[in-house]
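> Predicted model and sequence below, questions to follow.
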Amino acid sequence: MTIAIEARNVVFSFGQTPALRGASIAVDEGEIVAIMGASGSGKSTLLHCLAGILVPDSGEVLFDGARVDSMTEARRSSLRRDRFGFVFQFGQLVPELTTAENVALPLLLNGTRRAEALRKAYGWFERLGLEGLEQRRSGELSGGQAQRVALARGLVAGPEVLFADEPTGALDSLTGEQVMDLLVTAAREQGTTVILVTHEPRVAAYADREVIVRDGRVNAPDRIAS
Ligand SMILES: Nc1ncnc2c1ncn2[C@@H]1O[C@H](COP(=O)(O)OP(=O)(O)OP(=O)(O)O)[C@@H](O)[C@H]1O
């Protein structure tokens, strides 16, 4: 197995508040890992450090042989844009755009031509059971529909790693399971590595592996010897 992304001994504080105190995790290519743990334990901070959104105070983050923690902001920003995908708890769709334009957004930012970006975006509507919603605005969608649109946007550019922070946190459990089902199916089809933060065991059950963050450390056997 090849490691897709890794954190080694990552320490991060928000001012005087320690959030990570030496967190380590290694995720294989194509693996789906759920990060669990109590509120405030450091789950989102770990995800943000792995994704190059936050820069650790010390420790290392490695992706594809490169040290993400020592990259310039510009390089981390292109890494996030070109090779990572994101889904958050509240879809965070752009309300002024149609849902199709929202899905096409990462492609447009990558420099894909508009017609081609929209064509690819439309393909995801079919795949995720969203046909007919392409021209709606995000305010005209149900929570589950909006999260499926956010999922399509997270995957449309074929990211190597998808970061999902409580992607079902705002949904009822049945809708949440439908979104997880689609997320896992699409990620497996594309071979996308998924790092999922959740506090719901039913959501974590979709992952290949669960790790627990406790007091800013990853508190689980990181890897079962194979
Ligand atoms: N922007 C911030 N400013 C100051 N402190 C923060 C900030 N974000 C998080 N923290 C603190 O860092 C610690 C870890 O927070 P983090 O959001 O990573 O936890 P979490 O496990 O994701 O929590 P939750 O499940 O509630 O989302 C907590 O003590 C939190 O209060």
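The structure has been received and is ready for your questions. Treat the numbers as computed from the prediction; the structure is a model and nothing was measured.

> Show me where this protein has its helices.
43-50, 73-83, 99-110, 114-127, 143-155, 173-190, 201-204 (DSSP state H).

> could those go into TSV alongside mean neighbour count, distance to Thr17 and mean pLDDT?
No exception for glycine: its C-beta is placed from N, CA and C like everyone else's. Formatted as TSV, the helices of the chain follow (neighbours: other CB atoms under 10 Å; distance: least, CB to CB, whole Å; pLDDT from 0 to 100):
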stretch	mean neighbour count	distance to Thr17	mean pLDDT
helix 43-50	24	10	97
helix 73-83	14	23	95
helix 99-110	22	32	94
helix 114-127	16	39	93
helix 143-155	24	29	91
helix 173-190	17	30	90
helix 201-204	17	26	92
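
> Would you mind giving me the confidence score for the residue nearest the centre of the chain?
Central residue of the chain (CA atoms, centre = their mean): Phe163, 1.4 Å from the mean position. Model confidence at Phe163, given as pLDDT, is 97.

> Quick check: it touching Ala51?
Yes - Phe163 is in contact with Ala51 according to CB atoms under 8 Å; the separation is 4.7 Å.

> Mind listing the shared neighbours of those two?
84, 86, 195 (CB atoms under 8 Å, 6 or more residues apart in numbering).

> which residues touch the second one?
The one in question is Phe86. With contact taken as CB under 8 Å, 6+ apart, Phe86 is in contact with 51, 80, 154, 162-165.

> Can you convert the residues you listed into JSON lines and add a column each for distance to Met71?
Shown next, in JSON lines, are those (distance: CB to CB, whole Å):
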{"residue": "Ala51", "distance to Met71": "12"}
{"residue": "Arg80", "distance to Met71": "11"}
{"residue": "Gly154", "distance to Met71": "22"}
{"residue": "Leu162", "distance to Met71": "20"}
{"residue": "Phe163", "distance to Met71": "17"}
{"residue": "Ala164", "distance to Met71": "22"}
{"residue": "Asp165", "distance to Met71": "21"}
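
> Is it possible to get a markdown table of these that adds distance to the ligand?
Listed next are those as a markdown table, based on distance: CB to the nearest ligand atom, whole Å:
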| residue | distance to the ligand |
| --- | --- |
| Ala51 | 13 |
| Arg80 | 18 |
| Gly154 | 19 |
| Leu162 | 17 |
| Phe163 | 13 |
| Ala164 | 13 |
| Asp165 | 8 |
